[in-house]
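>>> Could you look at this predicted model? Sequence included:
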Amino acid sequence: MKNLLLVTALALAATPALAQHAGHGTAKPAASAAAEPADGEVRRIDKSRGTVLLRHGEIKSINMGAMTMSFKLKDPAMADQLKEGDKVKFTVEPKGEDLIITSIRKAP
Ligand SMILES: [Cu+2]
């Protein structure tokens, strides 16, 4: 019985120390993550449909892991500067059910 009282007293004594860590929220600039381009490699280009099949790395702005998938180009003319096998940097935006590539360029 004596030990139980001691444990309770220690727990109560420790509580204020934990509470001191509250209230240090740091606001992150949300725009920086969205604007960061993802890495990809062009696997196939379909000019008639305005789509590209990309093998891509993580896309932080839309919370997507690495995979190979097809994207619609915002402007089909964007495909003119690309060829299969190109390493690219690109940004995507969700639009309805699709993911649209809003910018794509050859990686340096
Ligand atoms: Cu994907």
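Arrived safely, thanks for sending.

>>> following the helix or strand of the chain with the lowest mean pLDDT, which helix or strand comes up?
None of the helices or strands of the chain scores lower by mean pLDDT, DSSP states H and E than helix 30-35, at a mean of 50. Using DSSP states H and E, the helix or strand that follows helix 30-35 in sequence is strand 38-46.

>>> The chain against the ion: which residues are in contact?
When proximity is defined as Cβ under 5 Å from the ion, the chain approaches the ion at 64, 67, 69. Glycine gets a C-beta too; all of them are placed from N, C-alpha and C.

>>> taking the residues you listed one by one, which sit in strands?
Mapping the residues of the chain next to the ion onto strands (DSSP state E) picks out 67, 69.

>>> Which single one of the residues of the chain next to the ion is nearest to R44?
Comparing these against R44 with Cβ to Cβ places M69 closest, at 11.1 Å.

>>> State the pLDDT value of that closest one.
Looking at M69, its pLDDT stands at 97.
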